[in-house]
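*Asks:* Fold the following.
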Amino acid sequence: MRRMADGRDDRRQILPMTPARVQAAEIPGDGLAAPLVIAAVIVAALYFGREILIPIAIAVLLSFVIGPLVALLRKLRLGRIPSVGVAVLLLLAVVAGLGGLIGMQVADLSTGLPRYQRTLAQKAENLKAGPLGDLAGYLRSLNHQIQQAGAPDQKPDATPAPGKPAPPAAVQNPDKPVLVEMRDREPGPVALAETVLAPVLSPLATLGIVFVVLIFILVQREDLRDRMIRLVGSSDLHRTTVAMDDAARRLSRFFLVQLALNASFGLAIGLGLWVIGVPNPILWGIVSALMRFVPYIGAVLSALLPLVLAAAVDPGWNMVLATAALFLVLEPLVGQFIEPLVYGHSTGLSPFAVLVSALFWTWLWGPVGLLLSTPLTVCLVVLGRHVDTLEFLDVLFGDRPALTPVENFYQRMLADDPDEAQELAEAILAQCSLSSYYDEVALKGLQLAATDARRGVLTGSQLERIRVGIAQLIEDLADRADAAPEAKASLAGRLLSGRQDEAVPCEAAPAVPDAPAPDDLPEAWRREGAVLCVAGRGPLDEAASMMLAQLLAKHGFGTRVVPFEAVSRAEINALDAGAARMICISYLEISGTPAHLRYLVQRVRRRAPEAQVLVGLWPADDAVLSDPGARASLGADHYAVSLREGVEACLEAVRDVPAPSPAPARNAARAPEPAEA
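*Replies:* Numbering: from 1, shown residues only. Here you go, the predicted model:
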């Protein structure tokens, strides 16, 4: 206990550092232990509870499929319970019909198995007798010769050694073996029933659980939704409710479209096999439709059995070749043309996520998990895109970039990779105009770089690489016009994407849609140097000036980029601003007092008194713009917070002051100069 300066006692207790506290303070990964334990518990629960969780997962996926049918029946005023009953009965009829059809096809296929085995055996013998058999025999002979060459030469000595008696002849056993025949006891009715029903009871039990859970999900849909909202985001009920409804609607659309595509693929396969002559084409069509839910290898696996059966039926090879051609034509046609036309460019999952999810769910739940891997992962990704607390699922498994376009731009420039930055720019410019890309992506990326430079985390070499990379990118985009790109929408759009403003980072409209043609500008504005784009004193302000100069040049203005050193106090008198009609000063950030900007405006006014001055403060939330007094103290004629506004201000200045224009009133003191001349 210490005594303070005013005489009071400081009774704060100083706790000793016990070993437990020292250990807790020294463990750096303690914050990671809890998520790992939770993940391990979830995986263990999924594995050991698979007998119950698999039917529940199937029921949840089926609820998305028949949910629109239930909603349609409810709109017809059929009532909740009758609507659910009718939809479930229709689904049960479809499942029972498919099950019976598969059973009949399998029974019919089993009757021809002996004949198919004989055909395959005959083909195998023909292959052995042909060139393939000769090759196999040659390889066996070569292997035998290699083994003999490596073994020592030893010949067995058939004659016995001298003095050694010959072995006695074998003596037969006089006792004959007794043959014993073992017969099983005839099974009783109970045992016979167990033998017949055992393979059927497990699928029937699973099917019963699926339909019971499905009925409860459809009946209690709103209650389950409310409970989910309570779990993931009850602080903002409106936003979470809209997100959950939107996610359910998108999942229903996706699964319905995927089911329709896979069913169409199975129907086409069945018809093709029927034309070719492969037995049981209905069975193989159903198998192909189901296996297409398996990513990448589903169609390949579904083609194996029809190929084997075609080889077993046809003594030749024509049927095998026709079957292989059928799958080789239909699968790329559906996967590479029809699916991108319907889904957009992907299903919303990254290829790595599809592969990992297939391995994970197959390890947990076996073949059923392989079939459910993609639908389950799609559900997780959609929830991650619409629920903030589950956003990590979209980051892990979604196909959208992990970084925003702005972050990606800055990261590519920081990594000295202008080629990939240009590739990303081309991808964005397919949906956005050039001016919008500069404003929403490039300038904001430059602001991130300027912030890091102000904090001192960027070295001089890194800043130089960023400047060079941006200059190269601007030069590469010089031939692109500032116009709205042509729309290339898919048939149904991307079903899993979020709102349209999330998918496109910028606008498609150009800076000034109704801008006059470049040749319509007055001659004074088209001369080189009519618009001086002056860079601020920041390390990357010159790049912003280059973007503005390029956009103005596309509208017909004669531009020239002026670095900050050319307008400094020491070099301002050497600046050639004779043809300047507008001076645009660019600043990515204004730190502290804007006095230096005010002095810069005064210097360029003295050097070009007839020109108008535009100050571009590209960070729109800068304090200078929100303070009317600070803004008026700068003394500029125009202010802009984006490159688009800068282009609009220059075009407005052309309309207000056409060339040739009289000298402004503030320059009246220079009127006697023509008389002296």
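*Asks:* how close does the residue positioned nearest the centre of the chain get to residue 254?
*Replies:* By C-alpha atoms, centre = their mean, the chain has its centre lying nearest to residue 399, at 0.5 Å. Per C-beta to C-beta, to the nearest Å, residue 399 is found 14 Å from residue 254. The way it works is simple: take the backbone N, C-alpha and C, and place the C-beta from them, glycine included.
*Asks:* where does the stretch 51-200 of the chain dip in pLDDT?
*Replies:* Residues of the stretch 51-200 of the chain that meet the criterion pLDDT under 70 lie in 126-200.
*Asks:* All the helices of it, in order from the start?
*Replies:* For the stretch 51-200 of the chain, the helices defined by DSSP state H, counting those that start in this stretch occupy 80-111, 113-129, 131-150, 189-219.
*Asks:* Quick one: list the elements packing against the biggest helix by length in the chain.
*Replies:* Using DSSP state H to define each element, the chain has its longest helix at helix 237-276. Applying 3 or more C-beta pairs under 8 Å, 6 or more residues apart in numbering; DSSP states H and E, we find helix 237-276 packed against helix 50-75, helix 221-232, helix 281-291, helix 298-313, helix 318-333, helix 339-343, helix 367-386.
*Asks:* mind listing what's buried in the longest one?
*Replies:* Just to be clear, that refers to helix 50-75. Applying a neighbour-count criterion of 16 or more other C-beta atoms under 10 Å, one finds 50, 54-55, 57-67, 69-70, 73 buried in helix 50-75.
*Asks:* go on, stretch 99-111?
*Replies:* Neighbour-count burial for stretch 99-111 flags 102, 105, 109 (criterion: 16+ other C-beta under 10 Å).
*Asks:* any idea which of the residues you listed is the one closest to residue 404?
*Replies:* Residue 404 lies nearest to residue 102 out of these, by C-beta to C-beta, at 48.7 Å.
*Asks:* Let me know whether that closest one touches residue 286 as I believe.
*Replies:* Yes - under the criterion of C-beta atoms under 8 Å, residue 102 makes contact with residue 286 at 6.2 Å.
*Asks:* Next up, the contacts around residue 271.
*Replies:* 281, 285 (C-beta atoms under 8 Å, 6 or more residues apart in numbering).
*Asks:* quick one: it and residue 468, what's the gap?
*Replies:* Counting by C-beta to C-beta - residue 271 and residue 468 are separated by 60 Å.
*Asks:* what residues are up against residue 400?
*Replies:* Going by C-beta under 8 Å, 6+ apart, residue 400 touches residue 394.
*Asks:* Am I right that it falls within a helix?
*Replies:* No - applying DSSP: H, G, I helix; E, B strand; the rest coil, one finds residue 400 to be coil, outside a helix.
*Asks:* Residue 304 - how many residues pack around it?
*Replies:* The tally of other residues near residue 304 (other C-beta atoms under 10 Å) stands at 11.
*Asks:* On the pLDDT front, check it for me.
*Replies:* Per-residue pLDDT puts residue 304 at 88.
*Asks:* Tell me where the stretch 501-650 of the chain has strands.
*Replies:* When assigned using DSSP state E, counting those that start in this stretch, the strands of the stretch 501-650 of the chain occupy the ranges 531-535, 559-562, 582-587, 612-617, 638-640.
*Asks:* so which of those comes closest to residue 87?
*Replies:* Of the strands of the stretch 501-650 of the chain, the one closest to residue 87 (C-beta to C-beta) turns out to be strand 638-640, at 58.2 Å.
*Asks:* Off-centre distance for that closest one?
*Replies:* Using C-alpha atoms, centre = their mean, to the nearest Å, the mean C-alpha position of strand 638-640 is found 39 Å from that of the whole chain.
*Asks:* what pairs with that strand, and is each one parallel or antiparallel?
*Replies:* Strand 638-640 pairs in its sheet with strand 612-617 (parallel), by DSSP bridges.
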